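*Asks:* missing the sequence, but the structure's below:
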């Protein structure tokens, strides 16, 4: 088992001190999200599962923690120019909401093909939508243009120490809410969520085991998140779309919680053959599953479930 | 404003003492459900809304509280024969689960046209399904037959003091979780939920205002529940199906909580013109909304939302 050692200060883009500082900073604004359990899902998985419901977080996803930490870390002069990001999803809404709470502008570059409900979230929170093409290149160009015109501070969705520290506050809460947790199952995309969570959790309990869950397609780690994942994550488990959809249905029907696909991916992983049949993971008994978000378009969801 | 007087002991089928006793009895088995809030829904309604999420209750609805109290009130001899009820819904699953926890049989008479997900819930919790026709007469006949054959104790879905006392425990929790609540909005069907809630809430705070919410079609009060509703409820507000569907969508998209139609009816009422435009209700500022359950069939739901 890896990680049973102290994490050196300064080795990564965040550490337990910066995460505790982030928690103090954002506590007045974030929701301490509830942890849910279900005897039916425990029976189905053969483990004790603890769902940390970040779908109930403000903005509908964990992203608000990091965005809030980034926005409230700025000094007054920088903050007055506002913030800018390019994002197709939850980071966009989260940054808009955090900026609104600080009373500064948020310029959100959104690709034209983004789901309606996510664009509506940005607008609901007062973000100024700037459209781009779907390509990464177009998003970056437009964001750069906004920066040149306004001086707004760029806040990357994940490759940023302030973001890592904000997301890491999930571990502080969860390991206080359920101290017996021996395993964490966390979705991975850019790696901001799992890096923050791993850095905090391994500092609190070096024996805790951390699994990253990917849908096999969309993980692009940054240079701030890759080293953390490489050093602290036990394994990356990939799950099929069909498994994710089944897990989403269980979240709806048994937990009564609305989750987006990446929010259900942890449950999908724990129920998968890959996880269930691996003898080395038999002693993962108390598993914290991070339900990362709930911003799902009901129309798209229903069509997927009926496929 | 009515109810600003002490509730006489023995006047109704339950009182604050029987409700506190029920709470002590069922506390080891029930979930103390969380209270959720949303700044978006507060803005939409112009009030502070506190959603008491009984959709997360074991069995997926508040009904488990009353069923649990009824089952654990029985002496050992009566209990050994089991319990029987006729119900098209959540009371059925709730009674099955409570009986399972006590290790006694539950005979559940279910009409053939009941939604699949509700029948599955009964089976999941180990209830023995006995089919009847859809008519009330057929249900009662079959339940009577089960009683004659087994001696099982009949537990009515709402017209029973033990049930009222169990449902009343919601008020004990909610008014402790959010003491500033000045108004409660509660669905009414048979009246078991609102009677229990009103009896407890008015004892704790005689100035609290209680609104019953009906969909206009399905309220059939019993002789144990009608007197409570008559004396303690300020008004019965009826809402249209289209308003309920809209409120369900808000629960899904903003609260991220899966609710059944009767679970969303309270939000529908608070957002309705009837409520918003009534000057006498302008000072209902901190409103507790009881989200009664979350056992919705996703297929039926989606078809309704798309109508």
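*Replies:* Yes, it's here. Treat the numbers as computed from the prediction; the structure is a model and nothing was measured.
*Asks:* so how far is stretch A:255-263 off the chain centroid?
*Replies:* Chain-centre distance of stretch A:255-263: 13 Å, with CA atoms, centre = their mean, to the nearest Å.
*Asks:* kindly report the same for stretch A:137-149.
*Replies:* 24 Å.
*Asks:* so which bits of that stretch are buried?
*Replies:* Residues A:138, A:139, A:142, A:143, A:146, A:147 are the ones in stretch A:137-149 that count as buried (16 or more other CB atoms under 10 Å in any protein chain shown). Backbone N, C-alpha and C define where each C-beta goes, glycine included.
*Asks:* same thing with stretch A:178-196?
*Replies:* A:178, A:181-196.
*Asks:* remind me which residues of chain A are low pLDDT?
*Replies:* A:1-5, A:88, A:216-219, A:305-307 (pLDDT under 70).
*Asks:* which parts of it sit against chain B?
*Replies:* Residues of chain A lying close to chain B by CB under 8 Å from any CB of the partner chain are A:34, A:36, A:39-40, A:53, A:55-56, A:58, A:60, A:117, A:124, A:249, A:252-253, A:255-259, A:294, A:298, A:302, A:305.
*Asks:* quick one: the helices in chain A, in order.
*Replies:* A:16-26, A:39-45, A:63-73, A:76-80, A:90-102, A:116-124, A:136-150, A:161-177, A:192-204, A:226-232, A:241-250, A:261-271, A:273-276, A:298-305 (DSSP state H).
*Asks:* which among the buried residues of stretch A:137-149 gets closest to residue A:105?
*Replies:* residue A:146 (10.1 Å; CB to CB).
*Asks:* hmm, residue A:209 is touching residue A:185, no?
*Replies:* No - contact between residue A:209 and residue A:185 fails when scored by CB atoms under 8 Å: they sit 9.4 Å apart.
*Asks:* please parse chain A into its domains.
*Replies:* A:16-61+A:160-305, A:63-154 (automatic domain parsing).
*Asks:* residue contacts, the residue positioned nearest the centre of chain A?
*Replies:* Most central in chain A under CA atoms, centre = their mean is residue A:193, positioned 4.2 Å from the mean C-alpha point. For residue A:193, the residues meeting the contact criterion (CB atoms under 8 Å, 6 or more residues apart in numbering or on different chains) are A:62, A:158, A:167, A:170, A:186, A:187, A:290, A:292.
*Asks:* tell me how many other residues crowd residue A:228.
*Replies:* 26 (other CB atoms under 10 Å in any protein chain shown).
*Asks:* check contacts around the closest residue to it other than its chain neighbours.
*Replies:* Once flanking residues are discounted, residue A:228 sits nearest to residue A:195: 3.9 Å by CB to CB, 6 or more residues apart in numbering or on different chains. Listed by CB under 8 Å, 6+ apart, the contact set of residue A:195 reads A:12, A:13, A:14, A:158, A:164, A:167, A:168, A:224, A:225, A:228, A:229.
*Asks:* and the fourth one, how far from residue A:82?
*Replies:* The reference is to residue A:158. 20 Å (CB to CB, to the nearest Å).
*Asks:* isn't residue A:46 up against residue A:277?
*Replies:* No - with contact defined as CB under 8 Å, residue A:46 does not count as touching residue A:277 (11.5 Å).
*Asks:* between those two, which one's more packed in?
*Replies:* residue A:46 (12 against 9).
*Asks:* nearest residue to that one in space, ignoring adjacent ones along the chain?
*Replies:* With sequence-adjacent residues excluded and distances taken as CB to CB, 6+ apart, residue A:46 is closest to residue A:276, at 7.4 Å.
*Asks:* keep only those of the buried residues of stretch A:178-196 that are in strands.
*Replies:* A:183, A:184, A:185, A:186, A:187 (DSSP state E).
*Asks:* buried residues, stretch A:19-34. List them.
*Replies:* A:19, A:20, A:21, A:22, A:23, A:25, A:26, A:29, A:30, A:31, A:33, A:34.
*Asks:* give me the residues contacting it.
*Replies:* A:52-54, A:56-58, A:64-65, A:68-69, A:72-73, A:98, A:101, A:162, A:165-166, A:168-169, A:171-173, A:196, A:199-200, B:34.
*Asks:* pull the contacting residues for the residue in the stretch 51-200 of chain A that chain B sits nearest to.
*Replies:* The minimum distance from the stretch 51-200 of chain A to chain B, using CB to the nearest CB, falls at residue A:55 (4.5 Å). Residues counted as contacts of residue A:55 (CB under 8 Å, 6+ apart) are A:61, A:257, A:258, A:259, A:260, A:263, A:291, A:292, A:293, A:294, A:295, B:256.
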